[in-house]
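Colleague: Need coordinates for the following:
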Amino acid sequence: MNSLNNQRGFTFIEMLIVLFILLIVCAIISQLTLRTFEKIAIDQFIAQVSLDIQQMQTLAMKEHIYTVIEFYDDNSYKGFLQNEYLNPTFEKWLPEGITFFENSTIRRISFNKYGDIAHFGKLVFFSPNGRHEIILNIEKGRLRIIEQ
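Modeller: Next comes the predicted model:
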């Protein structure tokens, strides 16, 4: 009987305090991880749009044809070769949470057979992390990406 009184364990309240601290730490880590993954997905999307624009420009120069990328209100965009609007080269959808700003200064990007851009301006996208712009300069269509 004496040996039972000498053994001490944790009380129920001490266990609850430790579990509460662990719960708070896990919640903070999961939020940081979620935000990091969202940022990575948005960065990948912006990079993909830039690559698609460069692909259509390169295709225009290589094949000596006109190419077009058009952005739509249903959060999609398509790439077309010279006057083949019924048969897009590619069709892509914007990821969930990213929307195309309908008042962007450019909705249709077209390249002539030399790879020069016909219209310049900026594409604007909104995401939970803020505003993202892809700026297209005249002629060879150099791209700049701005995040706000």
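Colleague: now the strands for this structure?
Modeller: Counting by DSSP state E, the chain has strands at residues 67-71, 76-81, 90-93, 99-100, 108-111, 121-127, 130-136, 143-147.
Colleague: Need those in a markdown table (columns: mean pLDDT, mean neighbour count and distance to Gly9).
Modeller: To be clear about C-beta, it is placed using only N, CA and C from the backbone, and glycine gets the same treatment. Formatted as a markdown table, the strands of the chain follow (pLDDT from 0 to 100; neighbours: other C-beta atoms under 10 Å; distance: least, C-beta to C-beta, whole Å):
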| stretch | mean pLDDT | mean neighbour count | distance to Gly9 |
| --- | --- | --- | --- |
| strand 67-71 | 92 | 21 | 65 |
| strand 76-81 | 92 | 18 | 62 |
| strand 90-93 | 92 | 12 | 57 |
| strand 99-100 | 89 | 16 | 56 |
| strand 108-111 | 88 | 20 | 70 |
| strand 121-127 | 89 | 19 | 51 |
| strand 130-136 | 87 | 17 | 51 |
| strand 143-147 | 70 | 13 | 54 |
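Colleague: right, and the ones you listed - which one's nearest Thr36?
Modeller: Comparison of the strands of the chain against Thr36 by C-beta to C-beta identifies strand 121-127 as nearest, at 14.1 Å.
Colleague: Quick check: neighbours of that closest one in the sheet, parallel or antiparallel?
Modeller: If you go by DSSP bridges, strand 121-127 pairs up with strand 99-100 (antiparallel), strand 130-136 (antiparallel).
Colleague: Adding distance to Leu22 as columns, could you present the ones you listed in TSV?
Modeller: Compiled in TSV, those are given as follows (distance: least, C-beta to C-beta, whole Å):
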stretch	distance to Leu22
strand 99-100	38
strand 130-136	33
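Colleague: And for Leu143, nearest residue in space, chain neighbours not counted?
Modeller: Among residues not flanking Leu143 along the chain, Ser50 sits closest, at 5.3 Å (C-beta to C-beta, 6 or more residues apart in numbering).
Colleague: Which among the strands of the chain is found nearest to Met61?
Modeller: Closest of the strands of the chain to Met61 is strand 108-111, at 7.9 Å (criterion: C-beta to C-beta).
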